[in-house]
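Q: sharing a sequence plus its predicted fold:
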Amino acid sequence: MSQAGTITSPAAEAGKMEKKPARVINGPHVRTEKTTRRVMLHVSISLMPALLGAVYFFGIRALYLTALSVAVCVLTEYLWQKLTKKQITAGDFSAVVTGILLAFNMPVTAPAWVVVLTAVFSILVVKQMFGGIGNNFANPALMGRLLAMVVWPGAVMQYIAPVTLNADAVSSATVLGAVKTGGEAGYSYLQMFLGEIPGALGETSKLLLLVGFAYMCYMGIVNAEAAVTYIVTVLVLTFIFGPAGLFTGDILLNLFGGGLIMGACYMLTDYAFVTRRGRLLYAVTAGIITAAIRIFSIYPEGICFGILTANCLAGGLSLLQKRHVYGTRVGGNDRKRKIRN
Amino acid sequence: MQKGRKSVFPGGVHPTDGSDKVLSMDAAVQQYWPDTVTILSEQSFGGKCRLLVKAGDTVEEGQLIGEPEAFMAAPLHASVSGRVLDVTEVMNQGRKILACIVQREKEHREPEGVYRTAAADIRGISREEILAGIRDGGLTGMGGAGFPTHKKYETDKKIDTLLINGAECEPFLTCDYRLMLEEGHALVNGVRLLLKGSGAERAYICLEDNKPQAAENLSSILKEARESGVMESSEQVEVKVLPTKYPQGGERQLIQAVTGREVPMGGLPADVGVIVSNVGTARAAADMILGGLPLIRRIVTVTGSVKNPGNYLVPVGTSAKELLELAGGVTVSSNRVIAGGPMTGPCVASDWNGEEELFYITKNTSGILVLPDSAYEEQPCIRCGGCENACPAGLAPWKIDFAFQEEDYDLCEKLYASECIACGCCSYICPAKRELTVRTRMARDAVKQRMRERAVKKA
């Protein structure tokens, strides 16, 4: 505690005041230790287990791609803010988080130039051009992934089996992809849970992602409600509308097979929802879209679309959450305002 | 009160771990009577009094020296016996205020009566006498804005509950705690008087659960009073322990927590049948009505980065500088001096070197706090919703902040900016260190001004 802020008031600037205060110190004079930087740092730290997992399963190139993505994101943000003479916030670790998540959405085979271009796109177009941190309408990392999927599908949809399986480095479908096209999963649920499956860098090891998420919950920087609601919505819907008719969905496959846990834990979080009702509404919306894509479309995952669509609907959805303002409940006199002099 | 309902208000924050109060918690109240006092003619913001004395006059302790001139004012009394040195304008918290400077020539005379050590018999005192005492004693709120107490009690609304506010939810402050611990008898007698004066059915002495000793002390004093037979069974006074959460002691939040009622927009607590008074005010009521001493002194906590943090019973008009010297002086040179608690108290000086005058104790000065100075940059809002969750009034400070910066006062009004209580929770919790409280408060004032102008136009 014991930190406090300083802004200069117009009155003091005008020199109207008698005494010297050139700066007016605003209360409250105690402030929480939590800062944007610290929150983002904790998110970055919570992603480290999954990064180590990616290196273990896919080799050192995983680390190389992640570092590249982070470096490009931070540098892009810094240069943009420098050139446009904006407040420099590139050091607040939010670009680091975007960089890590972006790399986590790429397969280990993704070419470096694709990573660089999507990183620049995420930061420059999705984040900064909409006003920087807090003002972006959608998750920059997911928008980056969407761009790559659409523009360079060949480069980013090529998954290979983990090196720990001693398999040949030939491209193979993801578990969900294989099942979608009528094939066998080919991996046990335990392998899926631990991360020994083909897939994007960060999404494979559910265990390590959950370790990181637990850390964030422990540090009090996320609320697990939305993540759990999202997962449950997707699982219930995919179970009910299973591939072989009603109630034939494979819950564990849907939970551990793809990027559901990474999406729920790291991508979904949109802070625009303050009330529990709003948060749940948002998570359910994202879940319904994700499940619909898994069930009806040619895409096996649907995480990216589900969350991005919910991102875009957030503004409208947030209007549905009601907050009670103190003093407005009193017997029918809701809007009647009496002004006391 | 509804049974089984949790005594809470929504939102709020936990600004500290309690280590701040420890600084001055165990320091017994010391009396201090300075050689000169500077009694401000405006004891609370907008509470202007017309001074009745001039330089050279001799005044007695408790003598009326100021008559109320404004709605927010209460009668003003000389806090020491002596000679008026001057009636002049002094600088106080950045404003020039007319003040009466009195040189003390006699020792303080403690009011007589056993009310400070035992339950008093108040059966012979009528409600009218109590109300007159409250008015003539110059009683005001002693925890917050310093609202004149008689204005609260002389209401034609039906009052059923009296809340005595001992929550002291501001970090660092311990003056109310020491009062509840050391002056329990006077306090309880004062509460009984206020209960009778308000016409309410019952009174709750409300405090937070971080002050168990004070709660125990008051409970045992109440028990003793009931057993003594002086306190009648119709005098329903109870100690109410509430969870520790800021701003528990905010008038509106306290009402919500204890009774479940909400003061309507633009209304007063009396509109929902409640009066809230500070523990200091209750004690002052006992001093006036049972001891004949008007409100001329109060307990002030001097704490933070000072050598010997403590609690001092001082006359109104004592210089803050003198009190800081009494506490051994400041211990950090890069500091800020705050009048009151750290959440709502204004900063009166930064990098104070111990030489210049700061401000003068008024009836509602609860503390002088010195904190190490620190500064940081405002960062962009990250839409974390922290302020919205913390706001006890149920507002969205970040939205009001944006609307205010865009000068969109219509939107500010729609967002209920007028209901801001300026508690400071939003700025406290903001990870981007945005100055939400300051700007939301400015938005509130702008919106209220507009509403007033509209009301005038209509009339």
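A: Thanks, I have it.

Q: residue contacts, residue B:44?
A: B:72-73, B:140-141, B:145-147, B:362-364 (C-beta atoms under 8 Å, 6 or more residues apart in numbering or on different chains). C-beta here means a position set from N, CA and C on the backbone, and glycine is covered the same way.

Q: go with 6 Å
A: Going by C-beta atoms under 6 Å, 6 or more residues apart in numbering or on different chains, residue B:44 touches B:146, B:364.

Q: do the same with residue B:184
A: Counted by C-beta under 6 Å, 6+ apart, residue B:184 has contacts B:217-218, B:221.

Q: which ones are touching residue 230?
A: As the question left the chain open, I've gone with chain A. With C-beta under 6 Å, 6+ apart, residue A:230 has these contacts: A:264, A:268, A:283, A:286-287.

Q: that's the other chain; I wanted chain B
A: So residue B:230 contacts B:119, B:121 (C-beta under 6 Å, 6+ apart).

Q: distance check, it against residue B:293.
A: 21 Å (C-beta to C-beta, to the nearest Å).

Q: and the average pLDDT for stretch B:84-92 is what?
A: Mean pLDDT, computed over stretch B:84-92, is 92.

Q: over to stretch A:29-40?
A: Mean predicted confidence for stretch A:29-40 is 91.

Q: do the same with stretch B:284-302
A: Averaged across stretch B:284-302, pLDDT comes to 95.

Q: before we move on, what about stretch A:302-310?
A: Here the average pLDDT along stretch A:302-310 is 91.

Q: where does confidence bottom out across the contacts of residue A:230?
A: Lowest pLDDT among these: residue A:268, with 88.

Q: need the contact list for it.
A: If you count contacts by C-beta under 6 Å, 6+ apart, residue A:268 has them with A:226, A:230, A:307.

Q: equivalent analysis for residue B:376, please.
A: Contacts of residue B:376 (C-beta under 6 Å, 6+ apart): residue B:433.

Q: just the element for it, please.
A: Residue B:376 belongs to no helix or strand when assigned by DSSP states H and E.

Q: ramachandran coordinates for the residue in the stretch 101-250 of chain B that chain A sits nearest to?
A: Nearest residue of the stretch 101-250 of chain B to chain A, counting by C-beta to the nearest C-beta: residue B:171, 6.2 Å away. With angles defined as degrees, to the nearest 10, residue B:171 sits at phi -60, psi 160.

Q: was I right to think it contacts residue B:342?
A: Yes. Counting by C-beta atoms under 6 Å, residue B:171 does reach residue B:342; the two are 5.5 Å apart.

Q: tell me the one of the contacts of residue B:184 nearest residue B:451?
A: Of all the contacts of residue B:184, residue B:451 sits closest to residue B:218, with 41.0 Å by C-beta to C-beta.

Q: number of residues surrounding the closest one?
A: 26 (other C-beta atoms under 10 Å in any protein chain shown).

Q: any idea which helix or strand carries it?
A: Assigned by DSSP H and E, residue B:218 falls within helix B:212-228.

Q: dump that helix to PDB, keeping only the CA atoms.
A: Extracted in PDB, the C-alpha atoms of helix B:212-228 (Å, rounded to 0.1, in the frame of the first residue of the first chain):
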ATOM      1  CA  PRO B 212     -13.300  -6.200  19.600                       C
ATOM      2  CA  GLN B 213     -12.100  -4.500  22.800                       C
ATOM      3  CA  ALA B 214     -14.200  -1.500  22.100                       C
ATOM      4  CA  ALA B 215     -17.200  -3.700  21.500                       C
ATOM      5  CA  GLU B 216     -16.600  -5.600  24.700                       C
ATOM      6  CA  ASN B 217     -16.100  -2.400  26.700                       C
ATOM      7  CA  LEU B 218     -19.300  -0.800  25.400                       C
ATOM      8  CA  SER B 219     -21.300  -4.000  25.900                       C
ATOM      9  CA  SER B 220     -20.300  -4.300  29.500                       C
ATOM     10  CA  ILE B 221     -21.000  -0.700  30.200                       C
ATOM     11  CA  LEU B 222     -24.500  -1.100  28.700                       C
ATOM     12  CA  LYS B 223     -25.100  -4.200  30.800                       C
ATOM     13  CA  GLU B 224     -24.000  -2.300  33.900                       C
ATOM     14  CA  ALA B 225     -26.200   0.600  33.000                       C
ATOM     15  CA  ARG B 226     -29.200  -1.700  32.600                       C
ATOM     16  CA  GLU B 227     -28.500  -3.500  35.900                       C
ATOM     17  CA  SER B 228     -28.100  -0.200  37.800                       C
END
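
Q: so for that helix, mean pLDDT?
A: Here the average pLDDT along helix B:212-228 is 94.

Q: repeat for stretch B:392-412
A: Rounded mean pLDDT across stretch B:392-412 is 94.

Q: which residue does the stretch 51-200 of chain A bring closest to chain B?
A: In the stretch 51-200 of chain A, the residue found nearest to chain B is residue A:134; the distance is 4.4 Å by C-beta to the nearest C-beta.

Q: out of the contacts of residue B:184, who's near chain A?
A: By C-beta under 6 Å from any C-beta of the partner chain, no member of the contacts of residue B:184 lies near chain A.

Q: I'd like those as JSON lines, with distance to residue A:91 appended.
A: Compiled in JSON lines, these are given as follows (distance: C-beta to C-beta, whole Å):
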{"residue": "B:217", "distance to residue A:91": "52"}
{"residue": "B:218", "distance to residue A:91": "52"}
{"residue": "B:221", "distance to residue A:91": "57"}
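
Q: nearest residue to the spatially most central residue of chain B other than its sequence neighbours?
A: Nearest to the mean C-alpha position of chain B, by C-alpha atoms, centre = their mean, lies residue B:143 at 1.0 Å. Nearest non-adjacent residue to residue B:143, counting by C-beta to C-beta, 6 or more residues apart in numbering or on different chains: residue B:278, 3.9 Å away.
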